[in-house]
Structures are given as C-alpha cells and as structure tokens.
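**Student:** Build the 3D model from these lines:
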Amino acid sequence: MGALAGYGLLALITTVVIKPVIRFGKGFSSYLCVFGIIYAVVLTTAPTSYFEPNWFKFVGWVISASCIIVFLFLVWKKMKKKQEMADLVEDE
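**Tutor:** Numbers count the residues shown, from 1 in each chain. Got it, this is the predicted structure:
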C-alpha cells in the first residue's frame, strides 16, 4: 500500500511541476485527468515486486482510470450544457 501512496505522491508532484509548462485548463478536473494519466504511466513502469500483494497495482490502475473517467464525464456534461445554450440561442 505504501508503493501506491508513494507513486500517487510522485504523480501529484509531477502534475504540479508541469503546470507552468503546459497550460491544461483552469478547473480541478483538468488536474485530475493529468494526475490520472501520470499515475497510470508511473504504475505501468513500476516493478511488480514493489507491491506486496500483486493486486495493489490493479487498485492503482482503477484509481487512475477513475480520475480519467470523471474528467471525461465532467467535460461531456459541460459540452452538453454549451450545446443546449447554443440551441436555445439558435431557436430564438
């Protein structure tokens, strides 16, 4: 479990460090997506010997996928709202 937390902290620090270099949005969901991607990459490259039970690595991938899915859902919701506003303006 310590490896999951350590790699999560590494992904969080990396997300904060690359913020000035890459402008990936103002909202929290943007950071969530970048964190999820970095966490997945770090877990993919991590040796399985660092995870005491082997299924801990799968828990990390579920966390990473959840972050990305939440981001996609929030973007979809925002785009749907924009489309509804555009349809309202178009109807008038």
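**Student:** Give me the helix or strand of the chain that scores worst on average pLDDT.
**Tutor:** helix 2-18 (a mean of 82; mean pLDDT, DSSP states H and E).
**Student:** Could you list every helix and strand in contact with that helix?
**Tutor:** Helix 2-18 sits against helix 28-45, helix 55-91, with contacts defined as 3 or more C-beta pairs under 8 Å, 6 or more residues apart in numbering; DSSP states H and E. To be clear about C-beta, it is placed using only N, CA and C from the backbone, and glycine gets the same treatment.
**Student:** Send me that helix as PDB with only the CA atoms.
**Tutor:** C-alpha atoms of helix 2-18 as PDB (Å, rounded to 0.1, in the frame of the first residue of the first chain):
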ATOM      1  CA  GLY A   2       3.000   2.300   0.600                       C
ATOM      2  CA  ALA A   3       4.000   2.000  -3.000                       C
ATOM      3  CA  LEU A   4       0.600   3.100  -4.200                       C
ATOM      4  CA  ALA A   5       0.800   6.200  -1.900                       C
ATOM      5  CA  GLY A   6       4.300   6.900  -3.000                       C
ATOM      6  CA  TYR A   7       3.600   6.700  -6.600                       C
ATOM      7  CA  GLY A   8       0.500   8.800  -6.100                       C
ATOM      8  CA  LEU A   9       2.600  11.500  -4.400                       C
ATOM      9  CA  LEU A  10       5.100  11.300  -7.300                       C
ATOM     10  CA  ALA A  11       2.200  11.700  -9.800                       C
ATOM     11  CA  LEU A  12       0.800  14.700  -7.800                       C
ATOM     12  CA  ILE A  13       4.200  16.400  -7.600                       C
ATOM     13  CA  THR A  14       4.800  15.900 -11.300                       C
ATOM     14  CA  THR A  15       1.400  17.300 -12.100                       C
ATOM     15  CA  VAL A  16       2.100  20.400 -10.100                       C
ATOM     16  CA  VAL A  17       5.600  20.800 -11.600                       C
ATOM     17  CA  ILE A  18       4.500  20.600 -15.200                       C
END
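**Student:** Just the angle for that helix relative to helix 28-45, thanks.
**Tutor:** 130 degrees (axes from the mean of the first three to the mean of the last three C-alpha atoms, to 10 degrees).
**Student:** Dump the helices and strands packed on helix 2-18 into TSV; add mean neighbour count and distance to Thr14 as well.
**Tutor:** Putting the helices and strands packed on helix 2-18 into TSV (neighbours: other C-beta atoms under 10 Å; distance: least, C-beta to C-beta, whole Å) gives the following:
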stretch	mean neighbour count	distance to Thr14
helix 28-45	18	5
helix 55-91	13	13
